[in-house]
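Chemist: sharing a model prediction with you, sequence too.
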Amino acid sequence: MSKAMRAPLPERTLRVVVIVVALVLALGPVLYGMVLAIRPFSAVLNAPLDLFPSPSEWDFSAFGTAIRDEADGGFGLGRFIRNSLLLALGTVVASLAVSVLGAYAAARLRYKGRGVVNGIILSVYLLPGIVLAVPLFVMLSRVGLTGNLAGLLIVYVSTTVPVAIYMVRNYFIALPESVEEAAIIDGCSLPVMLWRVVLPIAAPGVAATAIYVFMIAWNEYLFALLFLVQKRELWTAPLGLSQLTEISVPVTVLLAGSIIVTVPVVVLFFIFQRFLVSGLTTGAEK
Amino acid sequence: MTSSTRRFSPWARMTRAQRENLNGHLLTAPTLLVILAIVIVPFLAVIVFAFADLRLVDIPYMNLGNIEWTLDNIIGAMESKAFWGALGTTIAYATLTTLGAIVCGLVIALAIRRPFRGRGVVRALLLVPYVLPVIAAATIWRTMLNPQYGLINAFGLEFLGWDRPIGFLNTSTYEVFGVSIPLTLLTVVAFEVWKTTPLTFLFITARLQSIPGDIEEAAALDGASSRKILTQIVGPQLRAVVLLLILLRFIWSFQSFNDIYLLTGGAGGTQVMAVKVYTELITRADIGSAASYGLLMSVILAVLLVFYVLLSRRKETL
């Protein structure tokens, strides 16, 4: 940017102030949660304002207590995490298998009924989850799929498919169409071409979508609450943590649990940040 | 595949358009199947349930033939104070969070617009509240606002001269200098703004990056002030994305359940529509009533959506 564009000093100061305040507000609560998780509960009660405990005071036992099984005097978060992991990975695989096909059709093919299909997908994206929760709860308990991870998996797949299609479509549109045409002319069938040509080029975008779907499934709370609340051994991590707040679990343990649940998604997000951001915001640029 | 086998297969005899048609239907079939089973059929069921006298205990015996049809659920909802209260709360909550998230996102996006060292890191760090699982965010906020050991109350008692701790998560109205404010509602609004500002900030930043810099540079050379550049050049370019964000944020916060339920459980005047549907379904075990609340909620959202589409169409023709 040229000299002529250099902003005057007050404006630059204002900018720095805005950025610093935004950073403090965004990260402050998270850092606060981390600090409390490594302090003994009694210390938190006695000195709530002491945010910089000396290293000698650090106490990581809350993490172990949160993770250990109930039988070992813990709160079973390890098991909740295993359930969440199974569910989230299953959702990623199933949801992407469906979405990659749908996204390719949305990105490249001019077929009859295309407008209707796109409209349906959009309206599903905007439909309130709580509205569907009522009949899904009724229907799935009718066929015996509540209190069961499979029932939840089906719900997660359908709720993530619209956004996954939207994102994968954005990555597909950005690919050069000529490569696909060349493959078809060389005699590739459409499924082979998708698998061998399109997916390898679009791999970073598809991976970013996978991360996003993983995050949605990993963070989901409402349907887990509705379907699994009676089955303690099947609780997901968010459900488990929220149920633990109901009984008197020390807040340091809850915070330690929150940190444990947060770390995987934040790490994944930062690794794939660039691709995720572009996939989410394409279309907003016009 | 050789060209001779291709010529005889039915595939090869199709025109390009026919082939594309078939491929399109085959590729979208799994998506439509999943959506049909888990979204469309259940949504039709919501409509049926909303007009049925149905409670949780009836589920094992329920079938389409023995449903007792009734208008009581809808009429009951429309006549109840709780419905209009929940609707008012929901609209207030959705409006405030939408405005808050967009204003904050806009301010931050403009502040971070010019390149500086470490901008990428700052941008990534600002997204943390959005990435954070809602359970973790709610746990941290509940701790922070706790009356006994929470940071905010400890700080207020120590330095701001509060005479007693404030129950941020269960106080419907709170007197500040003689004005009563809905404290808990504003607290959940602040939480939602905190959590969703990163997304509005991302969208606005993406739009800002695609505005060519040379227009602004030319305006600056011609002596336009930065305020003028902002309102006359950048502002109009952002109108479309801000309108889209208003729509999306409003629709999403209108149906927000997790954030409010995890923070307050609906206490302190935060009984929004989504929480109301949940309590009708689980606490009162009344499927018909829960479905009617859900249906009314969807109708309101659909009206909003139609209104938005009409509005944006008219803009285009102008």
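Modeler: Now that the structure is in, tell me what you want to look at.

Chemist: spell out the residue ranges of the helices in the stretch 51-200 of chain A.
Modeler: A:61-67, A:77-108, A:114-126, A:129-142, A:149-173, A:177-185, A:190-193, A:199-219 (DSSP state H, counting those that start in this stretch).

Chemist: closest one to B:Thr270 among these?
Modeler: B:Thr270 lies closest to helix A:129-142 among these, at 14.8 Å (Cβ to Cβ). In this view, the C-beta of every residue, glycine as well, is placed from N, C-alpha and C.

Chemist: centre of the chain versus the closest one, how much separation?
Modeler: Distance of helix A:129-142 from its chain centroid, counting by Cα atoms, centre = their mean, to the nearest Å, is 22 Å.

Chemist: in terms of secondary structure, what does that helix contact?
Modeler: helix A:149-173, helix A:222-228, helix B:41-50, helix B:273-278, helix B:287-317 (3 or more Cβ pairs under 8 Å, 6 or more residues apart in numbering or on different chains; DSSP states H and E).

Chemist: columns distance to B:Val188 and mean neighbour count on top of those helices, output as TSV?
Modeler: Output for the helices and strands packed on helix A:129-142, formatted as TSV (distance: least, Cβ to Cβ, whole Å; neighbours: other Cβ atoms under 10 Å in any protein chain shown):
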stretch	distance to B:Val188	mean neighbour count
helix A:149-173	23	23
helix A:222-228	16	23
helix B:41-50	26	19
helix B:273-278	11	25
helix B:287-317	18	17
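
Chemist: among those helices, single out whichever gets nearest to A:Lys112.
Modeler: Of the helices and strands packed on helix A:129-142, nearest to A:Lys112 by Cβ to Cβ is helix A:149-173, at 18.6 Å.

Chemist: and the closest one, how far out from the chain middle?
Modeler: With Cα atoms, centre = their mean as the basis, helix A:149-173 stands 12 Å off its chain's centre.

Chemist: about what we covered before: can you lay out the helices of the stretch 51-200 of chain A as CSV showing mean pLDDT?
Modeler: Converted to CSV, these look like this (pLDDT from 0 to 100):
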stretch, mean pLDDT
helix A:61-67, 79
helix A:77-108, 90
helix A:114-126, 81
helix A:129-142, 85
helix A:149-173, 88
helix A:177-185, 79
helix A:190-193, 79
helix A:199-219, 89
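
Chemist: so the helix or strand hosting A:Ser42, near chain B or not?
Modeler: Assigned by DSSP states H and E, A:Ser42 belongs to helix A:41-46. Yes - contact of helix A:41-46 with chain B (Cβ under 8 Å from any Cβ of the partner chain) involves A:Val44, A:Leu45.

Chemist: now tell me which helix or strand of chain B has the poorest mean pLDDT.
Modeler: Sorting the helices and strands of chain B by mean pLDDT, DSSP states H and E puts helix B:3-8 at the bottom, at a mean of 50.

Chemist: thought A:Arg196 was touching A:Ser189?
Modeler: No - the criterion here is Cβ atoms under 8 Å, and A:Arg196 misses it with A:Ser189 at 10.3 Å.

Chemist: at which residues are the strands of chain B located?
Modeler: Here chain B has its strands, by DSSP state E, at B:174-176, B:179-181.

Chemist: can you tell me if stretch B:32-47 touches chain A.
Modeler: Yes - Stretch B:32-47 lies within reach of chain A by Cβ under 8 Å from any Cβ, at B:Leu32, B:Val34, B:Ile35, B:Ala37, B:Ile38, B:Val39, B:Ile40, B:Val41, B:Pro42, B:Phe43, B:Ala45, B:Val46.

Chemist: which other residues reach that stretch?
Modeler: By Cβ atoms under 8 Å, 6 or more residues apart in numbering or on different chains, the residues outside stretch B:32-47 that reach it are A:98, A:117, A:120-121, A:124, A:127, A:131-132, A:134-136, A:138-139, A:154-155, A:157-159, A:161-162, B:291, B:294-295, B:298.

Chemist: now do the contacts for the closest residue to chain A within chain B.
Modeler: Closest residue of chain B to chain A, Cβ to the nearest Cβ: B:Gly24 (2.5 Å). Counting by Cβ under 8 Å, 6+ apart, B:Gly24 touches A:Ala105, A:Leu109, A:Arg110, A:Tyr111, A:Lys112, A:Gly113, A:Arg114.

Chemist: in CSV: the residues you listed, plus neighbour count and distance to chain B.
Modeler: Formatted as CSV, the contacts of B:Gly24 follow (neighbours: other Cβ atoms under 10 Å in any protein chain shown; distance: Cβ to the nearest Cβ, whole Å):
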residue, neighbour count, distance to chain B
A:Ala105, 25, 4
A:Leu109, 19, 4
A:Arg110, 10, 6
A:Tyr111, 19, 2
A:Lys112, 13, 5
A:Gly113, 13, 7
A:Arg114, 16, 7
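
Chemist: just to revisit the earlier point, and the helix holding A:Ser42, what does it pack against?
Modeler: helix A:251-271.

Chemist: what are the contacting residues of whichever helix or strand comes after the helix it packs on?
Modeler: Going down the chain from helix A:251-271, the next helix or strand is helix A:273-281, by DSSP H and E. Identification of contacts with helix A:273-281 by Cβ under 8 Å, 6+ apart yields A:167-168, A:170-171, A:204-205, A:207-209, A:211-212, A:269, B:124, B:127, B:199, B:202-203, B:205-206.

Chemist: same check on stretch B:78-86?
Modeler: Outside of stretch B:78-86, the residues within contact range by Cβ under 8 Å, 6+ apart are B:Ala77, B:Gln271, B:Val272, B:Met273, B:Val275, B:Lys276, B:Tyr293, B:Leu296.

Chemist: which parts of it are buried?
Modeler: B:Phe83, B:Ala86 (16 or more other Cβ atoms under 10 Å in any protein chain shown).

Chemist: so how far is that stretch off the chain centroid?
Modeler: 22 Å.

Chemist: just the helices in the stretch 1-150 of chain B please.
Modeler: Taking DSSP H, counting those that start in this stretch, the helices of the stretch 1-150 of chain B run over residues B:3-8, B:10-13, B:16-35, B:41-50, B:72-79, B:81-111, B:119-126, B:128-131, B:134-144.

Chemist: out of those, which is the most enclosed?
Modeler: Among the helices of the stretch 1-150 of chain B, helix B:134-144 has the highest mean neighbour count (mean count of other Cβ atoms under 10 Å in any protein chain shown), at a mean of 25.

Chemist: contacts for that helix?
Modeler: For helix B:134-144, contacts defined as Cβ under 8 Å, 6+ apart pick out A:29-30, A:32-33, A:36, A:219, A:221, A:237-238, A:241-242, A:245, A:251, A:254-255, A:257-259, A:261-262, B:129, B:149-152, B:169, B:191, B:194-195, B:258-259, B:262-263.

Chemist: can you check stretch B:110-120 too?
Modeler: Contacts for stretch B:110-120 (Cβ under 8 Å, 6+ apart): A:1, A:7, A:14-15, A:18-19, A:22, B:122-123, B:126, B:205, B:208, B:230, B:234.
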